[in-house]
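Asker: here is my input, please return the structure:
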Amino acid sequence: MLRPSSSIGIEKDDDTYFARLLFAEFFKRLSEDDITKAWFYSLRGNCAMSINRLMGLSPRSFAALLLASDFVTIGRKGNVQVKRDELTEKWLKNDDIYGLGGDRHGCAEHTLSEVKLRNINPTAAEGKKKKDHHLIRIGHYKEEGEAIVASQAINNGATPPPLTHRLRTIQRWLSLNIRNIISPLRWDNYIVRMLKTNIRIVIL
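Answerer: Numbers count the residues shown, from 1 in each chain. Predicted structure coming up:
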């Protein structure tokens, strides 16, 4: 059981620590499923290739989880920036705390790739691309030498692994456990207003 102040010396506050723990636990539980195939998912976007859909969360709830985890920051004009150091060095690669590995030998790995925006946001202009888009591989590589080219998985319209009963169970577990963390953010007036007008955190 997590206790108040258990984040001392790890993260800036308990909510950030708990949110990152739950994020990591979802990745680990999914990776432990024998059916799970290693795949790169988009950190942002609301499509079959997005972590948002994989977690079974609404765009607003997922945006709140990203904020609670301190993985993104919102500018005054509503522009959103991914905090790469927080996402990679302090979370994915912090194996002693979160157990994700953060490299090809771990159950999760970050990369930047150029993607066709239409593949992760159906409303994007045809042919428009985004450089340095954040993708995260979830799932262990099964064989030595196995690799997935992230840009190909996203840009070629490949079909991600199917949803399983176990994944549905993990989604329900996550939904129940993140409520107390994301509720204040989901209903914060500024964030709700920003999401309704721009939805910049999840939808590009």
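
Asker: in the longest helix seen in the chain, which residues are buried?
Answerer: Looking across the chain with DSSP state H, the single longest helix is helix 14-31. Across helix 14-31, burial judged by 16 or more other C-beta atoms under 10 Å covers 14-31. For every residue, glycine as well, the C-beta is placed using N, CA and C.

Asker: what about Phe40, helix or strand, and which?
Answerer: Using DSSP states H and E, Phe40 sits within strand 39-42.

Asker: so where do the helices sit in the protein?
Answerer: 14-31, 51-55, 59-68, 84-87, 95-98, 150-155, 165-177, 179-186, 189-197.

Asker: go through the ones you listed and find the least confident stretch.
Answerer: Among the helices of the chain, helix 189-197 has the lowest mean pLDDT, at a mean of 54.

Asker: follow-up on the earlier one: which strands or helices does the longest helix of the chain pack on?
Answerer: If contacts are counted by 3 or more C-beta pairs under 8 Å, 6 or more residues apart in numbering; DSSP states H and E, helix 14-31 sits against helix 59-68, helix 95-98, strand 108-116, strand 129-138, helix 165-177, helix 179-186.

Asker: so which of the ones you listed gets nearest Lys77?
Answerer: helix 59-68 (16.7 Å; C-beta to C-beta).

Asker: just the angle for the closest one relative to helix 14-31, thanks.
Answerer: Interaxial angle of helix 59-68 relative to helix 14-31 (axes from the mean of the first three to the mean of the last three C-alpha atoms, to 10 degrees): 120 degrees.

Asker: what is helix 59-68 packed up against?
Answerer: Counting by 3+ C-beta pairs under 8 Å, 6+ apart, helix 59-68 packs on helix 14-31, helix 51-55, helix 179-186, helix 189-197.

Asker: would you mind giving those as CSV with distance to Arg172 added?
Answerer: CSV is the format used below for the helices and strands packed on helix 59-68 (distance: least, C-beta to C-beta, whole Å):
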stretch, distance to Arg172
helix 14-31, 11
helix 51-55, 11
helix 179-186, 12
helix 189-197, 24
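
Asker: and the contacts of stretch 30-38?
Answerer: By C-beta atoms under 8 Å, 6 or more residues apart in numbering, the surrounding residues in contact with stretch 30-38 are 54, 107-108, 137-142, 146, 148, 161, 164, 166-167, 170.
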